[in-house]
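Participant: let me see the structure of the following:
(2 chains)
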2 protein chains.
Amino acid sequence: MNELELVDRLRRLSSPTRDLTLGIGDDCAIYRPRAGEELLFTTDQMIEDVHFKRTQSASSIGERALARSLSDIAAMGGEPRFCLVALAVSETKWIEGFYRGLLRLAKRTGVTLAGGDLARDVKFHCDVMVCGSVPRGKALRRDGARAGDSIFVSGRLGKPWDRRIELRLELGQSLRGVATSCIDLSDGLSLDLHRLCVASGVAAQIDRVPALQGSTEDRALHGGEDYELLFTMPVGATAPRGVTRIGQVVRGVAGEICFRGRLLEARGYDHFGKRHE
Amino acid sequence: MNELELVDRLRRLSSPTRDLTLGIGDDCAIYRPRAGEELLFTTDQMIEDVHFKRTQSASSIGERALARSLSDIAAMGGEPRFCLVALAVSETKWIEGFYRGLLRLAKRTGVTLAGGDLARDVKFHCDVMVCGSVPRGKALRRDGARAGDSIFVSGRLGKPWDRRIELRLELGQSLRGVATSCIDLSDGLSLDLHRLCVASGVAAQIDRVPALQGSTEDRALHGGEDYELLFTMPVGATAPRGVTRIGQVVRGVAGEICFRGRLLEARGYDHFGKRHE
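Facilitator: So this is what the prediction gives:
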């Protein structure tokens, strides 16, 4: 199969929508925004021997690559619209499995494959950009947490890194106009809560973390790749079902977190940092 | 420098705009579309040892990485708006040079750095997504060429691959409502004209190619990375200054190209294909 044939197959797999007036097969895709919408953009890489090993199936990589970006859309309260996929692979047979996994999740979440880029390289590398949509001014951001707010997380933390990502798109959308801030847990609770607090100029006190059965409290606090939502709400607001209150926002040094009264170091995953241990 | 510090430095380098209501530093960037605009999306990878060698400067790689995607925006007649940059590097010092080159070109072309993703890997890999804007329904596409149209190219072809890309953004914008089709020359005239003809369901006859001084006709026909615009216009329409008429669109087998009366094979760059030689 050559590049023209590959692109042609992908084009047939991706059907146009009301918004995406031109999909795969030209220099650019064309998107026609709806009245009153704002668009969300995020991009995430999946790299062989960095984010996964070749022993995993190509379709599970494809699914996870899209899921990681969708989790960012969920954290902003968005509805996913379309994606672009940049892919470098050593073997063309990998491409088919990768797209099978990615497109299965895309279909389930209403994402259209709008285009991308293909290259051949010695190892697998992909970058998935997702565009989502929110009503104007309604996106959930990191910088709105206020002293007194309660802090919540969805699901249970400390997942093994190769567990399937459970997306929180509906939860994110239900938090629009209710949560004061939100972030997705990609690099670990301690680091992501630190980021949210820095952005909001506040500190936090937490006293519990809902750990997955078989996991540890340490992993629930610092392990990455959980893809749950961490969010804040004013006291008295009704929390959605299935989330856990873990603590509260307080005045203090921006980004400082106390866990059961002791300072918690932000030890989550940082590609370029020293571990703060 | 750790990831937080890096992201913080980049945030200060990228200033918000009227359209980009939230830039670097949250889960997603937020873009507020203007009334009557359609958005263009394209993405291109630059990979060490595939698209360039490490001997090149990081800033020239950064500039070229953005330029390749901007060339796709030019080919659709768009005005660039913002970009997302996914980057994997082995050494953090590469990052600074890369962004210096990229942001210099971004400033010159009105592009805001809206976000991205950073990872560490053994070799350099980047993916640059650019969003552009056109008035609704005015994008130049590949599929509008009609028998009888004249075929033009901008500039001179057969450039050495490491020559700086001369962007054709203004030319592309001036062709809106005038050209019947347009594509940028990234993989070689023979292959890109073939693609345009396939998309439009037409054939082409060409009788000349404007080769760069010191280059060859063969390289001008088949060499990649020229990043000039190839476009078609109805007979009688006034061509912009500085472009060359190279032939005409004809009825025939879709995608078939004759050069001075002989069938021309599409020999341009195809990452996954056999060379058609």
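Participant: so the most centrally placed residue in chain A, which of the three states?
Facilitator: Geometric centre of chain A, nearest residue: A:Ser71, 2.5 Å, by CA atoms, centre = their mean. Under DSSP: H, G, I helix; E, B strand; the rest coil, A:Ser71 falls in the helix class.
Participant: interface residues of the stretch 101-250 of chain A facing chain B?
Facilitator: With the criterion set to CB under 8 Å from any CB of the partner chain, the stretch 101-250 of chain A comes near chain B through A:114-121, A:125, A:127, A:129, A:131-132, A:134, A:136, A:139, A:141-143, A:182-184, A:195, A:199. Bear in mind the C-beta positions are built from the backbone N, C-alpha and C, glycine included.
Participant: could you list the low-confidence segments of chain A?
Facilitator: Along chain A, the parts satisfying pLDDT under 70 run over A:1-4, A:14-15, A:269-277.
Participant: where do the strands sit along it?
Facilitator: Counting by DSSP state E, one finds strands in chain A at the ranges A:20-22, A:29-31, A:37-47, A:79-89, A:112-120, A:125-135, A:150-154, A:181-184, A:203-206, A:229-233, A:243-250, A:257-259, A:262-264.
Participant: can you measure across stretch A:23-35, start residue to end residue?
Facilitator: Start-to-end span of stretch A:23-35 (CA to CA, to the nearest Å) is 21 Å.
Participant: that older thread, let's have the strands of chain A in a markdown table, adding mean neighbour count.
Facilitator: As requested, the strands of chain A are exported to a markdown table (neighbours: other CB atoms under 10 Å in any protein chain shown):
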| stretch | mean neighbour count |
| --- | --- |
| strand A:20-22 | 20 |
| strand A:29-31 | 26 |
| strand A:37-47 | 24 |
| strand A:79-89 | 24 |
| strand A:112-120 | 23 |
| strand A:125-135 | 26 |
| strand A:150-154 | 22 |
| strand A:181-184 | 27 |
| strand A:203-206 | 21 |
| strand A:229-233 | 27 |
| strand A:243-250 | 19 |
| strand A:257-259 | 21 |
| strand A:262-264 | 12 |
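Participant: out of those, nearest to B:Arg9?
Facilitator: Comparing the strands of chain A against B:Arg9 with CB to CB, the closest turns out to be strand A:37-47 (18.8 Å).
Participant: partner strands of the closest one and their direction?
Facilitator: On the basis of DSSP bridges, the sheet neighbours of strand A:37-47 come out as strand A:125-135 (antiparallel), strand B:29-31 (antiparallel).
Participant: so can I have JSON lines of those showing distance to A:Glu217?
Facilitator: As requested, the strands paired with strand A:37-47 are exported to JSON lines (distance: least, CB to CB, whole Å):
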{"stretch": "strand A:125-135", "distance to A:Glu217": "32"}
{"stretch": "strand B:29-31", "distance to A:Glu217": "34"}
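Participant: so which of the ones you listed gets nearest B:Gly188?
Facilitator: Across those, the minimum distance to B:Gly188, taken as CB to CB, is reached by strand A:125-135, at 24.6 Å.
Participant: which one of the strands paired with strand A:37-47 lies closest to A:Val235?
Facilitator: Closest among those, using CB to CB: strand A:125-135, at 25.2 Å.
Participant: report the angle between that closest one and strand B:112-120.
Facilitator: Strand A:125-135 runs at 140 degrees relative to strand B:112-120, counting by axes from the mean of the first three to the mean of the last three CA atoms, to 10 degrees.
Participant: got the CA coordinates for strand A:125-135 in CSV?
Facilitator: Coordinates of each C-alpha in strand A:125-135 appear next as CSV, following Å, rounded to 0.1, in the frame of the first residue of the first chain:
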residue,chain,number,x,y,z
HIS,A,125,5.3,8.1,17.3
CYS,A,126,2.0,9.7,17.1
ASP,A,127,0.4,13.0,18.0
VAL,A,128,-3.3,13.4,18.3
MET,A,129,-4.9,16.9,18.2
VAL,A,130,-8.5,17.1,19.2
CYS,A,131,-10.9,20.0,18.7
GLY,A,132,-13.9,20.3,21.1
SER,A,133,-16.7,22.8,21.5
VAL,A,134,-18.3,24.7,24.4
PRO,A,135,-20.9,27.4,24.5
